[in-house]
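Colleague: Next comes the sequence, and after it the predicted model I'd like to discuss.
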Amino acid sequence: MELSGFIEMSKNFKSGMTSDYKEMIFVKFDNKVYIMITSVGDVIMPFEELMKHKYLKTYYELSLMAIGKPNIDKDYYGTENPDYIPKKYEICHYMYVDVIYIVKNSLTSIREAKKGNSYQLFNLKKLNKMNVSSAEKIAAFKRNYKVKYGFEYENFEDRATTFNTLVNGL
């Protein structure tokens, strides 16, 4: 089982306000992946199908880079201990998921990668026992994703290259 996430956000560091927040959480069980995306919804799809989706695959692969990395910025994890590593829970429990943050300074447009955590509630046993979502639900999830984040498609290769460079620099 793998739990990982990718969060992209803009932040005005002068006012402390956050905007343009997108959170993607991935939970991989064997040959299926539970995906939850802010303002899109959630779905369980076959791992092979995730790997065929150009955009989701990229974010999934970026999220995997968070697993096991130490927390480097106290503003992006929910504990006072910078060496905290989330436990792998086997029961329904609130937990921290290792997450890569891409934080864009809304005043300067400069982006930085951060390693942090996202506080989530999962019933992992229930998720593991669930079947892959229906073809209709998967198609609706992909449509919702395109409606919400389709604007990214235009310059996605540039964005992906930038994100990979930032994350590899951690």
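Modeller: Great, that's in hand.
Colleague: Tyr119 against Tyr94, yeah?
Modeller: Yes: using C-beta atoms under 8 Å, Tyr119 is in contact with Tyr94, at 6.3 Å. From N, CA and C alone the C-beta is placed, and that goes for glycine too.
Colleague: in the chain, which spans are helices?
Modeller: 47-52, 54-64, 124-129, 135-149, 156-168 (DSSP state H).
Colleague: any idea of the angle the last one forms with helix 54-64?
Modeller: Put plainly, it is helix 156-168. 0 degrees (axes from the mean of the first three to the mean of the last three C-alpha atoms, to 10 degrees).
Colleague: In CSV, list the C-alpha atoms belonging to helix 156-168.
Modeller: Provided in CSV are the C-alpha atoms of helix 156-168 (Å, rounded to 0.1, in the frame of the first residue of the first chain):
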residue,chain,number,x,y,z
PHE,A,156,1.4,20.9,-19.4
GLU,A,157,4.8,19.7,-20.6
ASP,A,158,6.3,23.0,-19.4
ARG,A,159,4.5,22.7,-16.0
ALA,A,160,5.6,19.0,-15.6
THR,A,161,9.2,19.9,-16.4
THR,A,162,9.1,22.8,-13.9
PHE,A,163,7.5,20.6,-11.2
ASN,A,164,10.0,17.7,-11.8
THR,A,165,13.0,20.1,-11.6
LEU,A,166,11.6,21.7,-8.3
VAL,A,167,10.9,18.3,-6.7
ASN,A,168,14.2,16.8,-7.8
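Colleague: Can you tell me what sits against it?
Modeller: If you take C-beta atoms under 8 Å, 6 or more residues apart in numbering as the criterion, helix 156-168 is touched by Lys54, Tyr55, Thr58, Leu62, Met65, Ile100, Ile102, Arg111, Glu112, Ala113, Glu152.
Colleague: Repeat the analysis, applying 10 Å as the threshold.
Modeller: Outside helix 156-168, the residues within contact range by C-beta atoms under 10 Å, 6 or more residues apart in numbering are 6, 8, 54-55, 57-59, 61-66, 69, 100-103, 111-115, 149, 152-153, 155.
Colleague: and what of the longest one?
Modeller: In this structure, residues lying in contact with helix 135-149 by C-beta under 10 Å, 6+ apart are 8, 22, 24, 35, 37-46, 49, 53, 55-56, 59, 132-134, 150, 152-153, 156.
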